[in-house]
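Chemist: this one's sequence-less:
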């Protein structure tokens, strides 16, 4: 048996956009164990709920993560609305779906670019991010922000989108499809991409269920679970749709699932624009969450199911707000996929779960 | 969406509850602490399709909670987080970081019995002065 060595990986590594540390126990070039450590960017944002009233805390939730910014403000708003039994106008719910699916589109395009960058395909990386810019342009036109949108609020949304702008969104997205198909073809058909991803980081369906992984990571292992299909909020306005899944259970499958989810998001946006309800965009929220009231909520973020919990105490401040992010759920599964892989495959393997450490640490 | 249930249980009931959730195919979804007077309230959540079930435990100072990760392995990160922030120890965690999972300036900052940051820093500097 070869001698065992511990190789530290991270928190600073060219492939990691955010700080994650792994102690990799290796024999020769093969990883036999990986021990994770986080905590480098813990900001105590959950604790801050005691200092910011429930209406202004929505702007804190947007700053948890730059990629899921809108998603977190949406998840927070929906949790507080469940806590206070607030009825949100249908038009506001539909607008939320548009911004949330645009966020998923830009998140997946960002990830595809990072993946291309990780295996040294610089041109592909730039093309993905060039396409992503068009989604950010839609954000800027409809909300004034490109990353932090400040569009969602407890009771509804802060901005409406005019009908001509809604049609403009459809035109931009339809214009992207041709170019995106060409990009995705490169990911799916290029031999060098397949060499780096096929058979790497396998997590079987049984293992995925055991580790409780969520989102594209789970769906790439054949688990057909997507919170959007439950019809919460504005998703209830849509016709039924199936989660995008793959059965290969490896890095290639994760790329395929995210790649196809971009098409799904575009279809959802087009459908919701067709069915756009008329009316108000905000319900006025009066009072404070009742003492002892509790609510939990699930939201399908780009990286998977996010779980929210809120508890009221009768004041304008919440007693507790908890955000369990998808990456926190996926770390156990990720560590498992590292066992037995080559040291050279570790960076790419970590990246295939699309880790968001800022979200996880809050 | 069906209204999620919140069930208060005792420490003795936890192991049995966890086993029955596992047998019935529920997925572990969340574990978190909340300061509740002199105690820490532990919330453990499970999901099955569209259903959500929540268990509530109230833990006094120094009491160890049976590890959830022995039955639901993905809970090990939550157990380490709850120890680092709230000081609640889980007995038999499958991977125990022993307080080094989160980097905090004050040990267990959200535990009701912890020293406030200023007291902690003052006591640390006293110790250093005595040792020095």
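Modeler: Structure's in. What do you need? Since the model is a prediction, treat every value here as computed from it, not as a measurement.
Chemist: Chain A contacts on chain B?
Modeler: Counting by Cβ under 8 Å from any Cβ of the partner chain, the residues of chain B close to chain A are B:1, B:4, B:6, B:27-30, B:32, B:34, B:43, B:45, B:47, B:50, B:52, B:54, B:72-74, B:76-78, B:84, B:95, B:97, B:100-104, B:109-110. Where you see a C-beta, it was placed from the backbone N, CA and C, and this is true even at glycine.
Chemist: give me that answer again for 6 Å
Modeler: Contact residues (Cβ under 6 Å from any Cβ of the partner chain) of chain B with chain A: B:4, B:6, B:27-30, B:32, B:34, B:50, B:52, B:74, B:77, B:102-103.
Chemist: Test my guess that residue A:18 contacts residue A:357.
Modeler: Yes - here residue A:18 reaches residue A:357: they are 3.9 Å apart, a contact under Cβ atoms under 6 Å.
Chemist: if we can go back for a sec, and the buried ones among the residues of chain B next to chain A, selectable in PyMOL?
Modeler: If you want just the buried ones from these in PyMOL, going by 16 or more other Cβ atoms under 10 Å in any protein chain shown, the selection is:
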select buried, chain B and resi 4+6+27+28+29+30+32+34+52+74+77+102
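Chemist: sorry, back to before: and residue A:18 and residue A:357? which has more neighbours close in?
Modeler: Per other Cβ atoms under 10 Å in any protein chain shown, whichever of residue A:18 and residue A:357 has more neighbours is residue A:357, with 24 against 18.
Chemist: Spell out the secondary structure type for the closest residue to residue A:24 other than its chain neighbours.
Modeler: Nearest residue to residue A:24, sequence neighbours excluded (Cβ to Cβ, 6 or more residues apart in numbering or on different chains): residue A:7, at 4.5 Å. At residue A:7 the chain is in strand, as set by DSSP: H, G, I helix; E, B strand; the rest coil.
Chemist: Remind me what the helix or strand containing residue B:42 packs against, helices and strands.
Modeler: Assigned by DSSP states H and E, residue B:42 belongs to strand B:39-48. Packing partners of strand B:39-48 (3 or more Cβ pairs under 6 Å, 6 or more residues apart in numbering or on different chains; DSSP states H and E): strand B:27-36, strand B:51-59.
Chemist: Report the buried residues of the last one.
Modeler: When burial is assessed from 16+ other Cβ under 10 Å, strand B:51-59 yields the following buried residues: B:52, B:53, B:54, B:55, B:57, B:58, B:59.
Chemist: before we move on, what about stretch B:62-81?
Modeler: Within stretch B:62-81, judged by 16+ other Cβ under 10 Å, the buried ones are B:65, B:67-81.
Chemist: who touches that stretch?
Modeler: A:211-212, A:331-332, B:14-15, B:18, B:22, B:28, B:31, B:89-95, B:97, B:101 (Cβ atoms under 6 Å, 6 or more residues apart in numbering or on different chains).
Chemist: Return the subset of the residues you listed lying in strands.
Modeler: Of these, the ones assigned to strands by DSSP state E are B:28, B:31, B:90, B:91.
Chemist: Next, count neighbours for residue A:206.
Modeler: Residue A:206, neighbours per other Cβ under 10 Å, totals 10.
Chemist: what's the distance between stretch A:120-138 and the middle of its chain?
Modeler: 18 Å (Cα atoms, centre = their mean, to the nearest Å).
Chemist: Tell me how far residue A:250 lies from residue A:122.
Modeler: 24 Å (Cβ to Cβ, to the nearest Å).
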